[in-house]
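Chemist: Could you look at this predicted model? Sequence included:
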Amino acid sequence: MASAKLFEGIPNFPNDVPLSTMDTISLASLNVGDEATSKRLFAASQELGFFLLDLRKDDLGKTIIEEIDQLFDVGQGILNLPEEVKMKYFPHDFPKSFLGFKPRGCAKTETEEPDRFEWFNMSQDGLMGSAPLQPLPDFVQSHLPLLVSFLKHGQRIVATISTVLATQLGLPPDTFTSLQDPTQLSGTVLRFIKSFASTETEDLRTSMIHHTDFGTITLLANVLGGLQILAPGKDPADADAWLWVRPQPGCLIVNLGDAMVQWTGGLLRSNVHRVRYAPGLQRLVDRYSLAILVRPERNASMRRLVGEGEDSELTAWEWEVKKTMALKRG
């Protein structure tokens, strides 16, 4: 998450909304092999599928916090470019391709109303040099070194989490890292998101429809509230089942995706979540977020590695296309 300075000057997160009680895991403790912290991470990954990752007492974590502070400015710069500039980077085969710019209103919410967010996606493959770099605005091109640096640092965090999960499951430590090698082609993206301020009564609704992430692990940084998690076992139609996530300075929000559930036969959890309007007076401010959404390398097998349940003979790429088409139909 961003440093405390980005939390200054914004409306306070209100104290009268139902909060998710997700665990806070120390990256510094994980990196020294603290077993108690590893067990807490594993428990959070089974029970909620979300946790906060505290970066503040770790050297890598401190570097990432500094990069996030810079990238929040970059994200605002990208998503506030003139509309005619951004639309040059709209993927014409959306939703098959998610790269580039997604304008507000081209997806639906649960009430069939248009969504209230934009994003700009950059492919890990292009940033890492595994594939040609996608077309990017000049403004983005000027920040490529920072983007690549942040992505590589995020990959190190994903590897740490993946290793802990594999070890806690009794699998070889490299089980998950070997299936999501960042030098191999994948659907992994670096994403900037803008959810628009909710200044009118009709804006007080869902911004991004409830969903689970397709991939393995998502790292999310934001300052304003708006993210909600569905309480495990509850119905998305139940308004009381949604719990707000309170962003914390120096902490990333981490969640597991469907690929981890598939590989582990349901032993790990990919929880349903959505983006609502920001709570309290925070709703009057545009909400910017930064995320790394990690997916398996394209040729990785989606066969179950542990646990029970349905197996799959698909590659990760075939599996993701199948899920994307189901999303499109839905």
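Modeler: Perfect, I can see it now. On a predicted model such as this, the values are computed, not experimentally measured, just so you know.
Chemist: OK, contacts around the closest residue to Lys323 other than its chain neighbours?
Modeler: Nearest non-adjacent residue to Lys323, counting by CB to CB, 6 or more residues apart in numbering: Phe214, 5.5 Å away. All C-beta atoms are positioned from the backbone trio N, CA, C, and that covers glycine. Phe214 sits next to 187, 257-259, 293, 295, 320, 323-324 when contact means CB atoms under 8 Å, 6 or more residues apart in numbering.
Chemist: So which one of the residues you listed is the model least confident about?
Modeler: pLDDT across the contacts of Phe214 is lowest for Thr324, at 76.
Chemist: so how far is Ala259 from that one?
Modeler: 13 Å (CB to CB, to the nearest Å).
Chemist: For the two, indicate the residue with more neighbours.
Modeler: The neighbour comparison of Thr324 against Ala259 (other CB atoms under 10 Å) goes to Ala259, with 27 against 16.
Chemist: and the gap between the more buried one and Arg304?
Modeler: For Ala259, the distance to Arg304 - CB to CB - is 11 Å.
Chemist: cool, Leu227 as well?
Modeler: Distance of Leu227 to Arg304, given as CB to CB: 29 Å.
Chemist: Have a look at these two and say which one is more surrounded.
Modeler: Higher neighbour count among Leu227 and Arg304: Leu227, with 26 against 18, using other CB under 10 Å.
Chemist: who's in contact with the more buried one?
Modeler: By CB under 8 Å, 6+ apart, the contact set of Leu227 is 220, 244-245, 253, 273-276.
Chemist: Quick check: buried residues in the longest helix anywhere in the chain?
Modeler: Determined from DSSP state H, the single longest helix within the chain is helix 144-168. Neighbour-count burial for helix 144-168 flags 147-148, 150-151, 153-155, 157-168 (criterion: 16 or more other CB atoms under 10 Å).
Chemist: and if you look at stretch 294-307?
Modeler: Neighbour-count burial for stretch 294-307 flags 294-297, 300, 302, 304-305 (criterion: 16+ other CB under 10 Å).
Chemist: With stretch 302-322 instead?
Modeler: By neighbour count on 16+ other CB under 10 Å, the buried set for stretch 302-322 is 302, 304-305, 314-317, 319-320.
Chemist: Next secondary structure after the longest helix of the chain?
Modeler: strand 189-195 (DSSP states H and E).
Chemist: Sheet-wise, list the partners of that following strand with their directions.
Modeler: Strand pairing for strand 189-195, using DSSP bridges, gives strand 117-123 (antiparallel), strand 287-294 (antiparallel).
Chemist: Mind listing what's buried along the last one?
Modeler: Across strand 287-294, burial judged by 16+ other CB under 10 Å covers 287-294.
Chemist: Specify the next element, helix or strand, located C-terminal of that strand.
Modeler: Downstream of strand 287-294, the first helix or strand assigned by DSSP H and E is helix 316-329.
Chemist: who's in contact with stretch 319-328?
Modeler: Residues from elsewhere that reach stretch 319-328 (CB under 8 Å, 6+ apart): 95-96, 187, 211, 214, 258-259, 262, 295, 302, 312, 314.
Chemist: tell me which of these is nearest to Ala107?
Modeler: Among these, Pro95 lies closest to Ala107 (CB to CB), at 8.3 Å.
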